[in-house]
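Participant: Turn this into a model:
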Amino acid sequence: MKMNPISNSSNLGILLFLVSFILSGSSGCQQNSNISSDPQEGSTISVKEESNTNEEPPIIVGADQFEKYLPIIKDKNVILTVNQTSRVSEGHLVDVLVEKGVNVRKIFAPEHGFRGKADAGAVVKDGKDVKTGIPIVSLYGKKKKPGAEDLKGADYVIFDIQDVGARFYTYISTLHYLMEACAENGIKVLVLDRPNPNGHYVDGPVLKPGFESFVGMHKIPIVHGMTVGEIAGMINGESWLKNGVQCDLDVINCLNYDHEKAYHLPVKPSPNLPNMRSIYLYPSLCLFEGTVVNIGRGTGKQFQLFGDPSYPDKSFSYTPVSRDGAKYPKHQDTKCYGVDLSGKDEEVLFLKTKELDLNYLFDFYAIYPDKKSFFLKNKFFDKLAGTDQLRKDIIAGKSFDEVKKGWAAEVNTFKTEIRSKYLLYKDFE
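Facilitator: A predicted model of the protein is given here:
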């Protein structure tokens, strides 16, 4: 397995660079939880100010540790795989690296685009960054894997995107194809790691053979409890790339992070995850996307409420409308009845969420009047679940407590025999 987590080195070149870096006045840069919103960079998430009197040192993301990777990419041709979350304390990573003299040849953009504005599933087109003039190549749409021509002339491809820890969140699928393409073309990959906000538990059905798709490429549970750096090591180590090719991989670890710590994202990771509440609820609610139920798209409370016009409990209602990030939401301009979770406390959610909670899904289906139309005919639900067994169990009327026992053994095997080999940080248990 080719993977080299990078730590402090006694190499003379890096030492000299460190001295000049410090003397130049550049900061060591902790992740700033109050980065100001730039309409071209994506909106910030409103989080509580963390007290500096806390004895615990702040979490420092991989991208903010310039002293560890600038010497490596100095005088190299670099491609950046980034989006609106690729921020450091000095600004956006693209802008900062260009200012520091790094030869950024190209930008690869994932789902939602470089600036994170596109709808879920919307085709992202190639283009050019207005600010820097750097060409942008979309890795979401017709082309999800860069070709040899896209990689031509590159020495390093850097991946720096904030994930949220669910198998169906597509940034780790982009990472997979990126690693595969680089392995096939002899190009090094450098992952600048970031914390997983849902990295404090592991749960859900493990993806079964035959259900692979861009919303689920790996034989892992829905909630995998790993950072992108750890995922990258696992992809390599388990030989999951096509034909078993190995990617020449380096990872810049986060500092002062472990899988028990809460991490508040400073920037929305995608248009429909507007706050930490939605991020904590996302793994448990996303399966609704494979049903007729609206999951809050077309409102300002995405993944914090869900409903349908036919839901019999009329005590709560809302109306989805077309808006940025959700141009054509389910049941657009139609009153939906359902459940509102937007009042749940974010800190309590983090502390109490230790497993996937599909009671929302099971309870909604139990009283939904038209059960034959509940699941979408395109079987998207099965792709999200990574199996057709969950859908069959729901239709059969099984309870959630009964169903989750069916995946417990597989989850434990994943945790003890696979995941544990690739952890870069102290685990939650």
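Participant: gap between residue 254 and residue 415?
Facilitator: 21 Å (CB to CB, to the nearest Å). In this view, the C-beta of every residue, glycine as well, is placed from N, C-alpha and C.
Participant: cool, residue 365 as well?
Facilitator: 29 Å.
Participant: that older thread, who has more neighbours out of residue 254 and residue 415?
Facilitator: Neighbours per residue (other CB atoms under 10 Å) separate residue 254 from residue 415, with residue 254 holding more: 26 against 17.
Participant: Please name the residues that touch residue 175.
Facilitator: Contact analysis of residue 175 by CB atoms under 8 Å, 6 or more residues apart in numbering lists 81, 159, 161, 191, 228, 231-232, 235.
Participant: Buried ones only from those, please, as a ChimeraX command.
Facilitator: Filtering those down to the buried ones (16 or more other CB atoms under 10 Å) takes a single ChimeraX command:
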select :81,159,161,191,228,231,232,235
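Participant: Output stretch 391-401 as CSV, restricted to C-alpha atoms.
Facilitator: Extracted in CSV, the C-alpha atoms of stretch 391-401 (Å, rounded to 0.1, in the frame of the first residue of the first chain):
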residue,chain,number,x,y,z
ARG,A,391,-36.7,-1.5,1.1
LYS,A,392,-38.0,-5.1,1.2
ASP,A,393,-37.9,-5.1,5.0
ILE,A,394,-39.8,-1.8,5.2
ILE,A,395,-42.5,-3.1,2.8
ALA,A,396,-42.8,-6.3,4.8
GLY,A,397,-43.6,-4.3,7.9
LYS,A,398,-40.6,-5.1,9.9
SER,A,399,-39.6,-2.7,12.8
PHE,A,400,-36.4,-0.6,12.6
ASP,A,401,-35.1,-2.4,15.7
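Participant: Please shift the residue numbers so they start at 744 in all later answers.
Facilitator: Sounds good: first residue 744 from here, last item stretch 1134-1144.
Participant: quick one on the thing from earlier: could the contacts of residue 918 go into TSV alongside distance to residue 1163, secondary structure and pLDDT?
Facilitator: Listed next are these as TSV, based on distance: CB to CB, whole Å; DSSP: H, G, I helix; E, B strand; the rest coil; pLDDT from 0 to 100:
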residue	distance to residue 1163	secondary structure	pLDDT
824	27	strand	97
902	23	strand	98
904	24	coil	97
934	19	strand	98
971	18	helix	98
974	14	helix	98
975	16	helix	98
978	16	helix	98
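Participant: Can you give me the end-to-end span of stretch 1044-1061?
Facilitator: From its first residue to its last, stretch 1044-1061 covers 10 Å (CA to CA, to the nearest Å).
Participant: Nearest to residue 872 among the contacts of residue 918?
Facilitator: Of all the contacts of residue 918, residue 824 has the smallest distance to residue 872: 13.7 Å, by CB to CB.
Participant: Skip the chain neighbours and tell me the closest residue to that closest one.
Facilitator: Distances taken as CB to CB, 6 or more residues apart in numbering put residue 851 closest to residue 824, at 4.2 Å, once the chain neighbours are dropped.
Participant: ok, now which ones touch the residue nearest the centre of the chain?
Facilitator: For the chain, residue 906 is the residue whose C-alpha lies nearest the centre (CA atoms, centre = their mean; 2.1 Å). Remark: with contacts taken as CB under 8 Å, 6+ apart, residue 906 is in contact with 912, 914-915, 937, 939, 970-971, 974, 1012.
Participant: Can you classify the closest residue to residue 909 other than its chain neighbours as helix, strand or coil?
Facilitator: Among residues not flanking residue 909 along the chain, residue 1026 sits closest, at 4.5 Å (CB to CB, 6+ apart). Here residue 1026 is recorded as helix under DSSP: H, G, I helix; E, B strand; the rest coil.
Participant: Against residue 1084, how distant is residue 1026?
Facilitator: Applying CB to CB to residue 1026 and residue 1084 gives a distance of 13 Å.
Participant: Give me the more crowded residue out of these two.
Facilitator: residue 1026 (28 against 20).
Participant: Can you verify my assumption that that one contacts residue 945?
Facilitator: No - using CB atoms under 8 Å, residue 1026 is not in contact with residue 945; the gap is 10.7 Å.
Participant: Give the residues shared as contacts by these two.
Facilitator: residue 966.
Participant: Now for residue 1087: which residues touch it?
Facilitator: So residue 1087 contacts 1020, 1024, 1047 (CB under 8 Å, 6+ apart).
Participant: one more time with 10 Å, if that's ok
Facilitator: Contact partners of residue 1087, counting by CB atoms under 10 Å, 6 or more residues apart in numbering, are 1020, 1023-1024, 1047, 1095.
Participant: ditto for residue 962
Facilitator: 910, 949-952, 954-955, 981, 983, 1129, 1153, 1157, 1161.
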